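K.L.:
got a structure for you, letters missing:
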């Protein structure tokens, strides 16, 4: 430990009441900054991202006749046929199989999979609720032209009542007019690409429409509120920056007389600068750690209000590391260990 460090520590402890006020002021500014970021993330940014990543909000509807001209577009993620059952009859004892939705899934290149599961021609997936109703691993399909004993190889646990057919088998049903497929749901990679995607196709005389389930109004409202909140944050940050600068100035002014005295006592300007800089480091270190403690307590008490606690902890850890590495050298860490 250098002489400057020992001397500054002794001076800081002796005048701790004076510096405590500055610590409280800086801590308050840091808490406000953190809370604003948390509110912005948890109440605006995260909900917007959740809505934009919802498949329903990235979906447009296209005619089956236009699919060949659309499917190679790089903005497309998944293509799902919209299936309507016409004359399908499923025979299973004591099972009500009405209102069943029929599904299958393609990607933009025409490859088939559903949640990473591929299956054979006469194999199917069903939703969990339907699987419980069926009560066996087979589902009997009977029509005027043919009948099949379809093997249920797995179920999907995401609610709903639906059957997922192999695309080849589904084409057999379509060709026999047992189901119809006049339109496709085209799921884009990004919600923000929808308008451009529709406009580009419109120029080619291909018309697609947005999904009826799209939550466009909710997203726009949240984005408008976020924009207003960002303006509010800029104003608050500007005020806080001015406040922090004034606090720093007040710290300097409060120590000005003693720094002048050090100069008269023979301290070099370099040593005086080191002493002054160390005082600022002490204040910043204590303020940051006090901010972390206060915000962690707030998070535990109001975690339902503030949102994702894990995200909050990560932010605080980053702040601690930043100040320890950038603003505090190993001498300060040693100093605090000795103090304890």
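P.N.:
That came in fine, so what should we check first? Remember, predicted model here, so these are calculated numbers, not experimental data. Numbering: from 1, shown residues only.
K.L.:
isn't residue 102 right next to residue 167, touching?
P.N.:
No - the criterion here is C-beta atoms under 8 Å, and residue 102 misses it with residue 167 at 11.6 Å. Yep, even glycine has a C-beta here, placed from its N, CA and C like the rest.
K.L.:
give me the more crowded residue out of the two.
P.N.:
A direct count of neighbours by other C-beta atoms under 10 Å for residue 102 and residue 167 places residue 102 higher, at 19 against 15.
K.L.:
report the secondary structure state of that one.
P.N.:
strand (DSSP: H, G, I helix; E, B strand; the rest coil).
K.L.:
one more: residue 90?
P.N.:
strand.
K.L.:
count of neighbours near it?
P.N.:
Residues within reach of residue 90, counting by other C-beta under 10 Å, total 16.
K.L.:
any idea how far it lies from residue 146?
P.N.:
14 Å (C-beta to C-beta, to the nearest Å).
K.L.:
residue 70 too?
P.N.:
32 Å.
K.L.:
neighbour count winner among those two?
P.N.:
A side-by-side neighbour count of residue 70 and residue 146, using other C-beta under 10 Å, places residue 70 first with 20 against 10.
K.L.:
and the gap between residue 47 and residue 286?
P.N.:
Taking C-beta to C-beta, one finds residue 47 at 36 Å from residue 286.
K.L.:
swap in residue 44?
P.N.:
In terms of C-beta to C-beta, residue 44 sits 32 Å off from residue 286.
K.L.:
same check, this time on residue 276
P.N.:
Applying C-beta to C-beta to residue 276 and residue 286 gives a distance of 16 Å.
K.L.:
kindly report the same for residue 68.
P.N.:
Residue 68 is 67 Å from residue 286, by C-beta to C-beta.
K.L.:
check which helices and strands the strand or helix carrying residue 139 sits against.
P.N.:
Per DSSP states H and E: residue 139 is located in strand 138-142. Applying 3 or more C-beta pairs under 8 Å, 6 or more residues apart in numbering; DSSP states H and E, we find strand 138-142 packed against strand 89-91, strand 147-156.
K.L.:
quick one: buried residues of stretch 201-212?
P.N.:
For stretch 201-212, the neighbour count (16 or more other C-beta atoms under 10 Å) marks 201, 208, 211 as buried.
K.L.:
how about the closest residue to the first one other than its chain neighbours, phi and psi?
P.N.:
Leaving aside its sequence neighbours, residue 201 sits nearest to residue 208 (C-beta to C-beta, 6 or more residues apart in numbering; 5.7 Å). Comment: the main-chain dihedrals of residue 208 come out as phi -120, psi 160, following degrees, to the nearest 10.
K.L.:
in the protein, which spans are strands?
P.N.:
59-63, 76-85, 89-91, 101-103, 106-107, 123-127, 138-142, 147-156, 162-165, 179-188, 209-210 (DSSP state E).
K.L.:
quick one: those as JSON lines, columns for mean pLDDT and distance to residue 245 too.
P.N.:
Listed next are those as JSON lines, based on pLDDT from 0 to 100; distance: least, C-beta to C-beta, whole Å:
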{"stretch": "strand 59-63", "mean pLDDT": "90", "distance to residue 245": "50"}
{"stretch": "strand 76-85", "mean pLDDT": "81", "distance to residue 245": "48"}
{"stretch": "strand 89-91", "mean pLDDT": "69", "distance to residue 245": "74"}
{"stretch": "strand 101-103", "mean pLDDT": "77", "distance to residue 245": "61"}
{"stretch": "strand 106-107", "mean pLDDT": "60", "distance to residue 245": "55"}
{"stretch": "strand 123-127", "mean pLDDT": "84", "distance to residue 245": "61"}
{"stretch": "strand 138-142", "mean pLDDT": "80", "distance to residue 245": "72"}
{"stretch": "strand 147-156", "mean pLDDT": "83", "distance to residue 245": "58"}
{"stretch": "strand 162-165", "mean pLDDT": "83", "distance to residue 245": "62"}
{"stretch": "strand 179-188", "mean pLDDT": "85", "distance to residue 245": "47"}
{"stretch": "strand 209-210", "mean pLDDT": "89", "distance to residue 245": "49"}
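K.L.:
tell me which of these sits nearest to residue 31.
P.N.:
Each of the strands of the chain has some distance to residue 31 by C-beta to C-beta; the shortest is strand 179-188, at 40.5 Å.
K.L.:
partner strands of the closest one, with direction?
P.N.:
Using DSSP bridges, the neighbouring strands of strand 179-188 in the sheet come out as strand 59-63 (antiparallel), strand 76-85 (antiparallel).
K.L.:
hang on, the earlier thing: need the strands of the chain in a markdown table (columns: distance to residue 227).
P.N.:
What follows is the strands of the chain, written out as a markdown table (distance: least, C-beta to C-beta, whole Å):
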| stretch | distance to residue 227 |
| --- | --- |
| strand 59-63 | 25 |
| strand 76-85 | 28 |
| strand 89-91 | 51 |
| strand 101-103 | 38 |
| strand 106-107 | 35 |
| strand 123-127 | 40 |
| strand 138-142 | 51 |
| strand 147-156 | 39 |
| strand 162-165 | 39 |
| strand 179-188 | 24 |
| strand 209-210 | 23 |
